[in-house]
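# for reference, the sequence and a predicted model appear below.
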Amino acid sequence: MAEFIPVPPFDLVVFGATGDLSLRKLFPALLHRFLDGQIPAQSRIIGVARSDLDTESFRNMVRESRGKFSPNACVDEGKCEDFVRHVEYARVDASAPAEQWAALKDLLANGNGNVRIFYLSTAPSLFVTIAERLQETGLATANSRIVLEKPIGRDLASSRAINDGVGRVFDEQRTFRIDHYLGKETVQNLLVLRFANMMVEPVWSREHIDHVQITVAEELGVEGRADYYDKSGALRDMVQNHLLQLLCLVALESPNSMDADAIRTEKLKVLSALRRIGPMDVAGKTVRGQYRAGLVDGKPAPAYADEVGKPSRTETFVAIKAQVDNWRWAGVPFYLRTGKRMSARRSEIVVQFKDTPVPIFGANAGVPNRLVLRIQPDEGVRLWLNMKEPGPGGLRIKAAPLDLTFEDAFGVRYPDAYERLLMDVVRGNLALFMRRDEVDAAWKWADELLAAWDANGAEPYPYAAGSNGPTQSALLMDRDGRAWWDPD
Ligand code: BG6
């Protein structure tokens with residue numbers, strides 16, 4: 001039986017409420033929290049967008065998205081309807097002057113001391129304007145918080161401008177920068193695995209680890225976001241945030257506690273120790289790719305250029321050999337890889353250990369141990385150990401997994417990352433949100449790499465939709481005598 005910590009009554013205002021993220025993720029996440037009884041009855045949920053809708057039409061959108069994105073959520077139709085009737089809608093053009101924000105002000109009147117949350121699921125170019133309007137209208141009260149969806153800008157300069165502008169209204173303690181990967185169960189479990197099990201720490205360093213692989217592969221293409229994605233590409237969309245955050249959690253030193261700043265300070269140290277990748281290194285340490293037409297899951301998928309409707313140099317795949325220059329990790333490469341339209345949806349961290357020092361079993365010595373943390377789908381942890389194959393006929397060694405598939409082991413529904421993160425905002429727990437200096441450090445590293453790619457001028461390598469990326473990605477590993485862990 002899942003447990004949850006009660007939260008105080010809150011008013012949640014979602015800007016960009018008719019957008020893909022809100023309907024696909026935020027409202028379904030809120031529905032689940034509501035059905036579990038975690039949302040106090042005095043709470044209010046308000047969708048805000050520019051569209052000329054009344055509350056009932058917006059509720060219909062929420063009902064539709066529920067059918068599409070959480071088809072199995074509603075065992076009790078009546079309860080689901082209760083949730084939908086909890087949702088209000090205010091038509092506001094975020095860039096319009098404060099006087100035109102009356103619809104939202106009216107809905108938020110009589111707050112009764114509820115915690116107030118403004119969730120900005122809009123283009124980042126609107127973040128500062130919205131924060132300013134919230135101040136001008138008096139809606140940003142002392143117990144208000146702001147949630148910023150990624151991307152926070154498209155480089156260090158624009159990210160700083162956003163953080164400065166929003167920071168003039170909301171201080172750091174009230175600013176929740178979301179990276180939804182931090183809300184995923186296996187990702188949180190990484191901290192538990194590392195710091196609640198004494199047997200892990202002694203082997204968690206260059207003494208015993210050969211390398212780490214972090215893969216975030218998607219079957220999806222750019223869907224309805226071609227415009228945004230083509231200006232962004234895989235490095236900005238996935239690596240600067242999700243993959244670097246995963247790397248931080250693998251590499252960080254033990255924080256003194258689960259206090260938000262204790263964790264975030266340790267992550268910052270990792271980001272600061274990331275080796276820069278300059279123009280001389282890009283060819284040897286990175287691979288950019290772009291998908292061509294192919295078959296994904298047996299169905300034809302168009303080329304990226306056809307999806308965005310023009311020739312493009314944007315990367316939809318990236319592989320990087322990263323290095324963390326500190327005592328624990330010196331000489332241990334972190335291979336990062338992410339791509340759209342890959343062979344399967346699979347996010348995984350593979351920690352590969354070194355070979356045994358003396359192969360006493362000869363040629364039949366087995367393979368290096370691997371710890372595989374499966375983030376999605378089929379969340380779980382597998383530790384591959386070499387075992388003797390049972391039976392006569394000599395000493396045959398085979399790698400077999402100690403398998404902790406969470407669903408089997410714990411038998412609970414897997415909450416979506418947003419469920420956890422939204423409730424953390426209400427509770428005011430910043431531990432799973434990015435601090436400003438982390439975002440700066442990640443952009444600094446990404447900016448240098450982007451500039452190096454620009455200077456190098458090479459086109460992205462083609463790969464067929466439905467494959468594991470361009471051949472050059474396999475070569476990146478092969479040159480080091482290693483290979484990606486791609487189980488069938
Ligand atoms: C988002 C990216 O942050 O993460 C998307 O903008 C990507 O391009 C998505 O598809 C992947 O998230 P998940 O949870 O489906 O792995």
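The structure has been received and is ready for your questions.
# and stretch 254-274, what's its mean pLDDT?
Stretch 254-274 shows a mean pLDDT of 97.
# one more: stretch 29-38?
The average pLDDT within stretch 29-38 is 93.
# tell me which residues in it are buried?
Going by neighbour count (16 or more other CB atoms under 10 Å), the buried part of stretch 29-38 is Ala29, Leu30, Leu31, His32, Arg33, Phe34, Leu35, Gln38. For glycine as for every other residue, the C-beta is placed from the backbone atoms N, C-alpha and C.
# those residues in helices, which ones?
In helices, defined here by DSSP state H, the members of the buried residues of stretch 29-38 are Ala29, Leu30, Leu31, His32, Arg33, Phe34, Leu35.
# in JSON lines, list those along with distance to the ligand.
As requested, these are exported to JSON lines (distance: CB to the nearest ligand atom, whole Å):
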{"residue": "Ala29", "distance to the ligand": "12"}
{"residue": "Leu30", "distance to the ligand": "17"}
{"residue": "Leu31", "distance to the ligand": "18"}
{"residue": "His32", "distance to the ligand": "15"}
{"residue": "Arg33", "distance to the ligand": "18"}
{"residue": "Phe34", "distance to the ligand": "21"}
{"residue": "Leu35", "distance to the ligand": "21"}
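# what's the closest of those residues to Gly47?
Here the nearest of those to Gly47, counting by CB to CB, is Leu30; it sits at 10.5 Å.
# would you say Lys150 is within a helix?
No - Lys150 is assigned coil when assessed by DSSP: H, G, I helix; E, B strand; the rest coil, not a helix.
# that one touches Leu182, doesn't it?
No - counting by CB atoms under 8 Å, Lys150 does not reach Leu182; the two are 11.0 Å apart.
# looking at those two, which is more packed in?
Remark: of Lys150 and Leu182, Leu182 carries more neighbours, 24 against 19, as counted by other CB atoms under 10 Å.
# how about the more buried one, nearest residue that isn't a chain neighbour?
What sits nearest to Leu182 in space, not counting adjacent residues and going by CB to CB, 6 or more residues apart in numbering, is Leu432, at 4.2 Å.
# now swap in Leu295 and tell me
Leu295 sits nearest to Gly466 (CB to CB, 6+ apart), 4.7 Å away.
# contact partners for the one you found?
When contacts are counted by CB atoms under 8 Å, 6 or more residues apart in numbering, Gly466 touches Gly294, Leu295, Val296, Asp297, Ala301, Arg341, Met342, Ser343.
# how about a cut-off of 6 Å?
Gly294, Leu295, Val296, Ser343 (CB atoms under 6 Å, 6 or more residues apart in numbering).
# from Asp227, how far out is the last one?
Counting by CB to CB, to the nearest Å, the gap between Ser343 and Asp227 amounts to 27 Å.
# try the third one
Relative to Asp227, Val296 is positioned 22 Å away (criterion: CB to CB).
# who's more crowded, these two?
Neighbour count, other CB under 10 Å: between Val296 and Asp227, Val296 has more, with 22 against 11.
# for that one, name its beta-bridge partners.
Lys299 (DSSP bridges).
# isn't it up against Glu219?
Yes - if you go by CB atoms under 6 Å, Val296 and Glu219 touch, sitting 5.2 Å apart.
# what is the burial count for Gly339?
By the criterion of other CB under 10 Å, Gly339 has 27 neighbours.
# what sits against it?
Here Gly339 is in contact with Ala217, Phe317, Gly469 (CB under 6 Å, 6+ apart).
# can you check Leu404 too?
Counted by CB under 6 Å, 6+ apart, Leu404 has contacts Gly380, Val381.
# how about a cut-off of 10 Å?
Contacts for Leu404 (CB atoms under 10 Å, 6 or more residues apart in numbering) come out as Asn189, Leu193, Leu373, Arg374, Glu379, Gly380, Val381, Arg382, Leu383, Phe410.
# go on, Thr18?
Contacts of Thr18 (CB under 10 Å, 6+ apart): Gly47, Val48, Ala49, Arg50, Ser51, Leu53, Ser57, Phe58, Met61, Tyr89, Ser121.
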